[in-house]
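Trainee: sharing a model prediction with you, sequence too.
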Amino acid sequence: TSLSISLDSPSLEEALKHYFGYDSFRPGQREIIEHVLANRDQLVIMPTGGGKSICFQLPALLKPGLMIVVSPLIALMQDQVELLRDNGISATFLNSSLSAEERRSRGRAVMEGRIKLLYVAPERLLSEDFLQGVMPHIVERVGISAFAIDEAHCVSEWGHDFRPEYRQLSTLRSRYPNIPIIALTATATHRVRDDIVQQLNLHQPRVNVSSFNRSNLYYEVRPKTKTAYAEVVQQIKETPGAGIIYCLSRKRVEEIAARLKQDGIAALPYHAGLNGETRQDNQTRFIRDDVRVMVATIAFGMGINKPDVRFVIHYDIPKNIEGYYQESGRAGRDGEPSTCTLFYSYADVKTIEYIISQKVDPNTGEALEDEQRIATQQLRRVINYAEATDCRRTIQLSYFGEAFAGQCDNCDNCKFPKPVEDWTVEAQKFLSCIARFAQRGRTFGMVHTIDVLRGSKSKRVLENKHDTLSTYGIGKDISADDWKMLGRSLIHQRLVDESTDGYSVLKLNDLSWEVLRSERKVHIAIDKAKPALTIAQTVA
Ligand code: ADP
Ligand code: ZN
């Protein structure tokens, strides 16, 4: 049935205007739509807010037959369908929340060809009932124009939101070899991309990757000091509009939400420990602007369609860059200037390291070494991001394999470059102290190393006779905090190795020796307190 509609340029634009009221396509949209119309399999990778929806919605309206949209969350389905219906587009959804009566009536509407877009959860679509009882009738009576798999990263265990029921979607390609599949996601890593193509059995798919640069977002990292909470309050007070504060634990979410309320800021908590009703309620109130601030764990986010979130604050360090990009990316979906703040402390790093060390197989109690290794690598990249002196955008985008020249002028490092100082001599003192330990066949951690450098008379120093080392007391002139700053910078620049088998010890590596032999200089960025920024300043 090659009833293929050939649409020349003006008419696609006209259709866009007619159905959605937009004057022009955003980058990528037109090509994607043309390929859906040409019945090609496709993988569409676009950042949040990029405009994925119309890439399948417009072709659904232009093609004969019904488009089946697979979506993981009931709330998400309802929102999208409501939005479409408001625009006069015939869409509906099927899920477990509907009465049998309602399901039947919607089924009739589908069979009579009165519906162009049918939203359905994967478990429903793949149920025997549906596959055997409903699909054959749809195929015969109205035909299926395409399957659109929204949030397609859910098929991948490498993604941040794996859903086993998505795995079964591979059956679509084998059951319906002639119906095109368009898979859409905002997840950008290559591993997940490859996994989607493989798991869904996409046939020679066209892969469309949009730029992940969100130029309206201002990225900043702040040291998490005693004033962190006050800085958050100040930011909320100075920034008009709504915001999200992400915390690592439910307990912390509750704490911060309660404290904000006490301080006169309308805030609500959201985490998986709250019952479904409360969660739904809090979410709705946030979306409707009844409250300004949502304090949440990462349980809050996917499918939250609130375009005017003006700030996202990570009060605790995120576990990986991908998660950080997605969570912070919930700011500014409407394209208006918005701020993404990450509070960073080494204590948080330690907390996450501890959580990682606790990842064990629930059956055998054995450490899940692969998972631990991956999680540790991901954490390293977050630390590198947080401690970086380069453009934050460059670092984030490089994580997704996208080159970005830097000097974005819309991140803290570009706006307020940190002074970089040459600390080669100090680094040599630090590293030679570790070399002395090694000569005596021992390894120690950062605190002890600094004790020796600063000539401490601690029990541990005296017991080990480290007051007799040539490096004892050679670093008295520098504060313990500054030594720590140097030590951490050396670790993150890989100029010394930190191994954490039980407790953490420092070990020299090849690069350390290059520093010791004066073949390599050591530069560190001095992190001075940053001025608080308001949105007005970030756009200035
Ligand atoms: P995503 O699903 O990729 O996060 P959406 O499809 O929800 O993004 O689109 C994000 C916003 O951009 C929505 O408010 C949508 O109406 C708007 N949008 C999408 N395409 C266009 C366009 N061509 N012109 C103007 N606005 C658009
Ligand atoms: Zn920058």
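Mentor: Perfect, thanks for sending it. Ligands and ions are numbered 1, 2, ... in the order given.
Trainee: so where is the chain shaky, pLDDT-wise?
Mentor: 1-10, 303, 500-503, 527-540 (pLDDT under 70).
Trainee: which parts of the stretch 151-300 of the chain are strands?
Mentor: Taking DSSP state E, counting those that start in this stretch, the strands of the stretch 151-300 of the chain run over residues 181-185, 206-209, 217-223, 242-246, 267-270, 293-296.
Trainee: got these as CSV, with mean neighbour count and distance to Glu421 columns?
Mentor: All C-beta spots, glycine's among them, are computed from the backbone N, C-alpha and C. Formatted as CSV, these follow (neighbours: other CB atoms under 10 Å; distance: least, CB to CB, whole Å):
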stretch, mean neighbour count, distance to Glu421
strand 181-185, 26, 43
strand 206-209, 16, 39
strand 217-223, 23, 17
strand 242-246, 24, 33
strand 267-270, 24, 40
strand 293-296, 27, 38
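Trainee: for ligand 1, find the nearest of the ones you listed.
Mentor: Taking CB to the nearest ligand atom, strand 181-185 is the member of the strands of the stretch 151-300 of the chain nearest to ligand 1, at 7.5 Å.
Trainee: skip the chain neighbours and tell me the closest residue to Ala266.
Mentor: Using CB to CB, 6 or more residues apart in numbering and skipping residues adjacent in sequence, the residue nearest Ala266 is Val291, 4.3 Å away.
Trainee: the one you found: what's it in contact with?
Mentor: Applying CB atoms under 8 Å, 6 or more residues apart in numbering to Val291 gives the contacts 266-268, 282, 285.
Trainee: restrict the residues you listed to contacts with ligand 2.
Mentor: By CB under 5 Å from the ion, no member of these lies near ligand 2.
Trainee: what's the most distant pair in those?
Mentor: Ala266 and Asn282 (11.5 Å; CB to CB).
Trainee: the two: which has the busier surroundings?
Mentor: Between Ala266 and Asn282, Asn282 has the larger neighbour count (other CB atoms under 10 Å), namely 23 against 15.
Trainee: just to check, that one is in contact with Asp290?
Mentor: No - judged on CB atoms under 8 Å, Asn282 makes no contact with Asp290 at a distance of 9.5 Å.
Trainee: how many neighbours does Glu402 have?
Mentor: Other residues within reach of Glu402, judged by other CB under 10 Å, total 16.
Trainee: go on, Ile32?
Mentor: Applying other CB under 10 Å, we find 26 residues neighbouring Ile32.
Trainee: SS state for it?
Mentor: helix (DSSP: H, G, I helix; E, B strand; the rest coil).
Trainee: what do you get for Arg310?
Mentor: Going by three-state DSSP: Arg310 is strand.
Trainee: now it. Nearest residue, chain neighbours left out?
Mentor: Gly241 (3.4 Å).
Trainee: closest one to ligand 2 out of the contacts of Val291, please.
Mentor: Ligand 2 lies nearest to Ala267 out of the contacts of Val291, by CB to the ion, at 29.8 Å.
Trainee: give me every residue that touches the closest one.
Mentor: Counting by CB under 8 Å, 6+ apart, Ala267 has contacts 245, 256-257, 260-261, 291-295.
Trainee: which of those residues are close to ligand 1?
Mentor: Residues of these in contact with ligand 1 (CB under 6 Å from any ligand atom): none.
Trainee: near ligand 2, which residues of the stretch 401-540 of the chain are found?
Mentor: So far as CB under 5 Å from the ion goes, the stretch 401-540 of the chain lies against ligand 2 at 408, 411, 414.
Trainee: 6 Å instead?
Mentor: Residues of the stretch 401-540 of the chain that fall close to ligand 2, judged by CB under 6 Å from the ion: 408, 411, 413-414.
Trainee: the closest residue to ligand 2 within the stretch 251-400 of the chain - nearest residue in space that isn't next to it in sequence?
Mentor: At 3.2 Å from ligand 2, Cys391 is the closest residue in the stretch 251-400 of the chain, using CB to the ion. For Cys391, ignoring the flanking residues on the chain, the nearest one in space by CB to CB, 6+ apart is Gly406 at 3.9 Å.
Trainee: from memory the one you found sits against Asp390, does it?
Mentor: Yes - in this structure Gly406 lies within contact range of Asp390 using CB under 8 Å: 6.4 Å.
Trainee: find the nearest non-adjacent residue to whichever residue of the stretch 401-540 of the chain sits closest to ligand 1, please.
Mentor: Across the stretch 401-540 of the chain, no residue is closer to ligand 1 than Glu402, which sits at 16.8 Å (CB to the nearest ligand atom). Counting by CB to CB, 6+ apart, Phe212 is the residue found nearest to Glu402 once chain neighbours are left out, at 5.8 Å.
Trainee: surely the one you found touches Tyr325?
Mentor: Yes - Phe212 is in contact with Tyr325 according to CB under 8 Å; the separation is 7.3 Å.
Trainee: list residues touching both of these two?
Mentor: Joint contacts of Phe212 and Tyr325 (CB under 8 Å, 6+ apart) are 188, 396, 400.
Trainee: closest to ligand 1 out of the residues you listed?
Mentor: Closest to ligand 1, out of all of those and judged by CB to the nearest ligand atom, is Ala188, at 12.5 Å.
Trainee: Arg380: which element?
Mentor: helix 369-387 (DSSP states H and E).
Trainee: flag every buried residue along that helix.
Mentor: 372, 375, 378-379, 381-387 (16 or more other CB atoms under 10 Å).
Trainee: next secondary structure after that helix?
Mentor: helix 392-399.
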